[in-house]
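Enquirer: quick one, fold the following:
(one chain, ligands or ions: 2)
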Amino acid sequence: MSGPKGWELVCIGCGTPAETELPDSTCSTCRDLLEIRVTRKIDGRSLFGGDGPGIWRFKHALPFAPGVEPVSIGEGGTPLVRTDRFAARVGLHNLHAKNDGQNPTGSFKDRGMSVAVTRAKTLGAKALICASTGNTAASLAAYAAKAGIDAVVVVPRAGVASGKLGQAFAYGAKVFGVDGNFDQALATVFDLVRKDDRFYLMNSVNPFRIEGQKITAYEIYEQLARVPDYVVLPVGNAGNISAIWKGFKELRELGIIGSVPKMIGVQAEGAAPLAAAISSGEPFRPLAEPRTVASAIRIGNPVSWKKAFSAIGESGGRAAVVSDEEIMDAKETLAQEEGLLVEAASAAPFAALVKLKLPRGATVVCIATGNGLKDLSDHGGTHNIEPATNADSIASSVGGRR
Ligand SMILES: Cc1ncc(COP(=O)(O)O)c(C=O)c1O
Ligand SMILES: [Zn+2]
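Expert: Numbers count the residues shown, from 1 in each chain. Ligands and ions are numbered 1, 2, ... in the order given. Next up is the predicted model:
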């Protein structure tokens, strides 16, 4: 069923095309997740020739009728930077960071939020809601503000980075703290959207979020002028790995690329239910009490686990696990040797490279998902000096380059 609108919603479980989305973004037949298929004819060559900033350059690949006004504040189009010093440490020659911390609110969430809030606006949504470990809250708050729609965010009462929470407040969202972790916050949100149709769900189960985030793949291909061998990224709720894989698959279906990268999903040791299932071959089982310093991926029951399984399985990739210590080491090295300040979750893929031992000549892209400025809780203290001896104290304590 192609339909005049140029895209359709399909269930990933039973394959049924969905005429309408249920409030919880699931299939009305089997309750599995939905996925968007863009069915309009896309001219592969002109896809990359469009103008305009960021993700909306690729509007032909997005699920909207021509003429829809995007809710945009400049998302996407983030830099791909070489990280040669880090590469040398892990035995690679071609390592790049896709710096999605440079999105308007400082994380990759802005890509999907722009698309999903545009959808919400066309549907006339009254209020937008999400559960969040912080970045989704910040992003939703900003895009809802831009669209002139109320935003409600539900976060774990403890452990959310103060910078992210501060953003949600500053953009004018109503913020609720639950006594529990992210998975419990999300369960609360699901409960609410099923009961009260004023709320439109903005977590990454919403397939419109995935459409915005898939554009990362388009951009990487364009910036590298080739398909990377590996894309390595942190996995929490598993939306982003599903989205980027979808983007590469679409490019292949359009005949633009002939091969696809292997997708490597990285989880933190204490919050690795996907990696555990993949490495053991056992069925996926949620983890009740996820623990890690990387709060953005402190998730025990990733809703998009099935999509992530497909991304890793179909691409021939793998799942990797890193310890908190390895994450913090990689975070420090990225800042101090690459000038790249990322949050802990975003350091996880780099940390994984230390033990993944990918082929030296492989072209590898790590997704730096979020900006370290949001969470500076672990930086060092100042060296305090006395006014009378300021210059001398500094001079005597600093060695090195002259
Ligand atoms: C900085 C950062 N990295 C990675 C993730 C994980 O992304 P996903 O939930 O799509 O797997 C998140 C999610 O909150 C995040 O904020
Ligand atoms: Zn179904």
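Enquirer: from here on, contacts and neighbour counts on C-alpha atoms
Expert: OK.
Enquirer: so which elements touch the helix or strand of the chain with the lowest mean pLDDT?
Expert: When the helices and strands of the chain are compared on mean pLDDT, DSSP states H and E, helix 44-47 comes out lowest with a mean of 82. The helices and strands touching helix 44-47, judged by 3 or more Cα pairs under 8 Å, 6 or more residues apart in numbering; DSSP states H and E, number zero.
Enquirer: list the contacts of it.
Expert: By Cα atoms under 8 Å, 6 or more residues apart in numbering, the residues outside helix 44-47 that reach it are 58, 60, 61, 254, 255, 256.
Enquirer: which one of those is nearest to residue 105?
Expert: Within the contacts of helix 44-47, the smallest distance to residue 105 is 20.7 Å, found for residue 58 (Cα to Cα).
Enquirer: before we move on, back to that, how far does the least confident helix or strand of the chain sit from the chain's center?
Expert: In terms of Cα atoms, centre = their mean, to the nearest Å, the centre of helix 44-47 is set 25 Å apart from its chain centre.
Enquirer: and it, C-alpha only, in PDB?
Expert: Taking Å, rounded to 0.1, in the frame of the first residue of the first chain, the C-alpha atoms of helix 44-47 are listed here in PDB:
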ATOM      1  CA  GLY A  44      18.800   9.100  -5.400                       C
ATOM      2  CA  ARG A  45      21.100  11.600  -7.100                       C
ATOM      3  CA  SER A  46      19.000  14.700  -6.300                       C
ATOM      4  CA  LEU A  47      18.600  13.600  -2.700                       C
END
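Enquirer: ligand 2: which of the contacts of helix 44-47 is nearest?
Expert: Closest approach between the contacts of helix 44-47 and ligand 2, by Cα to the ion: residue 61, at 23.8 Å.
Enquirer: what's the burial count for that closest one?
Expert: When neighbours are counted by other Cα atoms under 10 Å, residue 61 registers 27.
Enquirer: ok, the residue nearest to it when sequence neighbours are not counted - how many residues close by?
Expert: Residue nearest to residue 61 in three dimensions, not counting chain neighbours: residue 38, with 6.7 Å by Cα to Cα, 6 or more residues apart in numbering. If you count neighbours by other Cα under 10 Å, residue 38 ends up with 20.
Enquirer: hmm, residue 38 is touching residue 5, no?
Expert: No. Applying Cα atoms under 8 Å, one finds residue 38 not in contact with residue 5, separated by 9.2 Å.
Enquirer: that older thread, show me which residues of the least confident helix or strand of the chain are buried.
Expert: Judged by neighbour count using 16 or more other Cα atoms under 10 Å, the buried positions of helix 44-47 are 44, 47.
Enquirer: and the next helix or strand past it?
Expert: strand 80-82 (DSSP states H and E).
Enquirer: what about that next one, distance to the chain center?
Expert: 18 Å.
Enquirer: strand partners of that strand, parallel vs antiparallel please.
Expert: strand 94-99 (antiparallel) (DSSP bridges).
Enquirer: got the CA positions of the strand it pairs with in CSV?
Expert: Extracted C-alpha coordinates of strand 94-99, given in CSV (Å, rounded to 0.1, in the frame of the first residue of the first chain):
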residue,chain,number,x,y,z
ASN,A,94,40.8,6.1,10.1
LEU,A,95,38.7,7.0,13.1
HIS,A,96,36.1,9.7,13.0
ALA,A,97,33.7,11.3,15.5
LYS,A,98,30.3,12.4,14.3
ASN,A,99,29.9,15.2,16.8
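Enquirer: can you name the next helix or strand after it?
Expert: Defined by DSSP H and E, the subsequent element after strand 94-99 is helix 109-123.
Enquirer: can you list the residues of the stretch 201-350 of the chain near ligand 1?
Expert: Counting by Cα under 6 Å from any ligand atom, the stretch 201-350 of the chain comes close to ligand 1 at 234, 235, 236, 237, 238, 239, 240, 296, 297, 345, 346.
Enquirer: kindly reformat these as a markdown table containing neighbour count.
Expert: Listed next are these as a markdown table, based on neighbours: other Cα atoms under 10 Å:
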| residue | neighbour count |
| --- | --- |
| 234 | 31 |
| 235 | 32 |
| 236 | 30 |
| 237 | 25 |
| 238 | 26 |
| 239 | 26 |
| 240 | 29 |
| 296 | 26 |
| 297 | 28 |
| 345 | 31 |
| 346 | 31 |
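Enquirer: if we take the residues you listed, which one ends up nearest to residue 169?
Expert: Of those, the one sitting nearest to residue 169 (Cα to Cα) turns out to be residue 296, at 18.2 Å.
Enquirer: can I take it that that closest one is in a helix?
Expert: Yes. Counting by DSSP: H, G, I helix; E, B strand; the rest coil, residue 296 is part of a helix.
Enquirer: where's residue 211, which helix or strand?
Expert: helix 207-224.
Enquirer: I'd like to know which elements the following helix or strand past that helix is packed against.
Expert: Next in sequence after helix 207-224, counting helices and strands by DSSP H and E, comes strand 230-234. Counting contacts by 3+ Cα pairs under 8 Å, 6+ apart, strand 230-234 packs against strand 262-268, helix 344-356, strand 363-368.
Enquirer: quick one: average pLDDT of the last one?
Expert: It stands for strand 363-368. Taken as a whole, strand 363-368 has a mean pLDDT of 99.
Enquirer: for that strand, name the packing helices and strands.
Expert: Strand 363-368 packs on strand 94-99, strand 230-234, helix 344-356, going by 3+ Cα pairs under 8 Å, 6+ apart.
Enquirer: again, 6 Å this time
Expert: Secondary-structure packing of strand 363-368 (3 or more Cα pairs under 6 Å, 6 or more residues apart in numbering; DSSP states H and E): strand 94-99, strand 230-234.
Enquirer: tell me the mean pLDDT for the last one?
Expert: For strand 230-234, the per-residue pLDDT values average out at 99.
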